[in-house]
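Chemist: Predicted structure and sequence below. I'll ask about it afterward.
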Amino acid sequence: MTCTDRRTFIAALASLPILAHSAPLFAVSPDLPYHTRPIGRAGALPLVGMGTARSYQDPQAPEDWAPLRATIARFAELGGKVIDTAPSYGRAEEVIGQLIEELGVRDRLFLATKVGADSPEEGRAQIADSFRKLRTGYIDLIAVHNLRDSANQLAYLRELKQAGRIGAIGVTTSFDPQYSDFEALIRREPIDAIQVDYALDNRNAGERILPLAQDLGLAPMINLPFGRGRLFEATRGKPLPAWAAEIGADSWAQVFLKYIVSHPSRPIAIPGMAQTRYVDDNLAAARGPLPDAAMRQRMERFIDAL
Ligand SMILES: NC(=O)c1ccc[n+]([C@@H]2O[C@H](COP(=O)([O-])OP(=O)(O)OC[C@H]3O[C@@H](n4cnc5c(N)ncnc54)[C@H](OP(=O)(O)O)[C@@H]3O)[C@@H](O)[C@H]2O)c1
């Protein structure tokens, strides 16, 4: 490039309209829309959200807070919506509430938390704390954590939904031994959403729970989409297979997430993340091509052979 060319190029760049946000130019292709689904009355939620177990439980020093603040900011900036937390994740609810208030992004997010209590009184007190810690008058989804005291807790959640304090009601599990009770409960109780463990190497929910949720018209959310670190351990040092390009995946995380969100029930995966580079990487999995049934089988054979 000559000096004049460079000057012309720079002048042309300077005349471009300022972007609404400061996303790096090569991060996520902004021209592809997210694949989305509704939960209850909230429509168009990208199929990748974020989880907050462990990493948000107890930040102390400013250097602990900085990556968490940057992660939430980036998530909101890229149009991420669903943030999943719980009273049992240490101070996570409080941390999320503070950061969302500081960043002024409450209205752009779908906040999901849980209730894990053993009596109606304990549940009410815990939920009151969730509103206070999350610094919001409206919580988009509250789910009964691991089926605990579900009949009592669901009764109160229904009151809250009727009163317009919460948008949707759900139940969660992440244990196969709870699946039978979980299935019975979601058949029996009027709820909006479920949350269950499902991953490329942990597929039981894909055969049992997710098809049932789909039949019942419930919105599925997926916890442990990477089996914590398990899938990254299994593929460490291995190059991406050639077929990854066919599904528009350029990282292992995107391979794992695209497998999940392409389940016919179209679930929302909530990978735990506390780094901006994970936000860019993971949200990109909710855009572009998704694996079809044949490709999903190919992915399963690949992981089973490792
Ligand atoms: N029963 C329930 O209701 C239940 C149970 C379990 C979980 N949950 C929810 O589900 C969420 C997800 O589960 P999880 O956080 O335990 O496990 P996970 O999502 O399977 O794994 C999270 C870990 O994967 C790594 N990671 C994330 N994005 C990555 C990327 N792009 N590239 C490489 N590594 C990446 C991070 O590890 P490093 O930080 O170590 O790098 C992160 O801590 C939880 O946060 C929680 O909100 C609910």
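Modeler: It's in.
Chemist: Bridged to V196, which residues?
Modeler: When assigned by DSSP bridges, V196 has beta-bridge partners I222.
Chemist: pretty sure it contacts P220?
Modeler: Yes - at 6.9 Å, V196 and P220 qualify as touching, with contact defined as Cβ atoms under 8 Å. Using the backbone N, CA and C atoms, a C-beta is placed for each residue, glycine as well.
Chemist: tell me which residues of the helix or strand hosting R37 are tucked away?
Modeler: Element membership of R37 [criterion: DSSP states H and E] is strand 36-39. Judged by neighbour count (16 or more other Cβ atoms under 10 Å), strand 36-39 contains these buried residues: 37, 39.
Chemist: Can you give me the neighbour number for I139?
Modeler: 19 (other Cβ atoms under 10 Å).
Chemist: And the strand holding R37, what does it pack against?
Modeler: The contact analysis (3 or more Cβ pairs under 8 Å, 6 or more residues apart in numbering; DSSP states H and E) places strand 36-39 against strand 42-46, strand 219-223.
Chemist: shared neighbours of V196 and P220, which are they?
Modeler: Contact criterion Cβ atoms under 8 Å, 6 or more residues apart in numbering; residues bridging V196 and P220 by contacting each: 209-210.
Chemist: Can you list the residue ranges for strands in the stretch 201-306 of the chain?
Modeler: 219-223, 268-269 (DSSP state E, counting those that start in this stretch).
Chemist: The helix or strand containing I194 - contacts with which helices or strands?
Modeler: Under the criterion DSSP H and E, the helix or strand holding I194 is strand 193-197. Packing partners of strand 193-197 (3+ Cβ pairs under 8 Å, 6+ apart): strand 139-144, strand 166-172, helix 179-188, helix 209-216, strand 219-223.
Chemist: For those, give me JSON lines that also has distance to the ligand and mean pLDDT.
Modeler: JSON lines is the format used below for the helices and strands packed on strand 193-197 (distance: least, Cβ to the nearest ligand atom, whole Å; pLDDT from 0 to 100):
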{"stretch": "strand 139-144", "distance to the ligand": "7", "mean pLDDT": "98"}
{"stretch": "strand 166-172", "distance to the ligand": "3", "mean pLDDT": "98"}
{"stretch": "helix 179-188", "distance to the ligand": "10", "mean pLDDT": "98"}
{"stretch": "helix 209-216", "distance to the ligand": "13", "mean pLDDT": "98"}
{"stretch": "strand 219-223", "distance to the ligand": "3", "mean pLDDT": "98"}
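Chemist: Return the residues of the stretch 1-150 of the chain in contact with the ligand.
Modeler: By the criterion of Cβ under 6 Å from any ligand atom, the positions of the stretch 1-150 of the chain lying close to the ligand are 51-53, 55, 84, 145-146.
Chemist: follow-up on the earlier one: now the helices and strands packed on strand 193-197 as a markdown table including distance to V105?
Modeler: Written out in a markdown table, the entries for the helices and strands packed on strand 193-197 read as follows (distance: least, Cβ to Cβ, whole Å):
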| stretch | distance to V105 |
| --- | --- |
| strand 139-144 | 13 |
| strand 166-172 | 17 |
| helix 179-188 | 31 |
| helix 209-216 | 29 |
| strand 219-223 | 20 |
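Chemist: before we move on, back to that, widest-spaced pair of the residues of the stretch 1-150 of the chain next to the ligand?
Modeler: Taking Cβ to Cβ as the measure, these reach their widest spread between S55 and N146, a distance of 20.1 Å.
Chemist: Can you say which of the residues of the stretch 1-150 of the chain next to the ligand are buried?
Modeler: 51-53, 55, 84, 145-146.
Chemist: At the contact with the ligand, which residues of the stretch 151-300 of the chain appear?
Modeler: Among all residues of the stretch 151-300 of the chain, those adjacent to the ligand (criterion: Cβ under 6 Å from any ligand atom) are 172-174, 195, 223-229, 232, 253, 270-273, 278, 281-282.
Chemist: just the buried members of those?
Modeler: Buried members of these, scored by 16+ other Cβ under 10 Å, are 172-174, 195, 223-227, 253, 270-273, 278, 281-282.
Chemist: Among those residues, which are located in helices?
Modeler: Among these, the ones falling in helices (DSSP state H) are 253, 278, 281-282.
Chemist: Distance-wise, check A73 relative to the ligand.
Modeler: In this structure, A73 and the ligand are 17 Å apart, going by Cβ to the nearest ligand atom, to the nearest Å.
Chemist: do V261 as well
Modeler: Distance check for V261 against the ligand: by Cβ to the nearest ligand atom, it reads 13 Å.
Chemist: What residues does N204 make contact with?
Modeler: With contacts taken as Cβ under 8 Å, 6+ apart, N204 has the following neighbours: 176, 179.
Chemist: All further residue positions should be reported with the first residue as 273.
Modeler: I'll keep to 273 as the first residue from here, and by that count the last item is N476.
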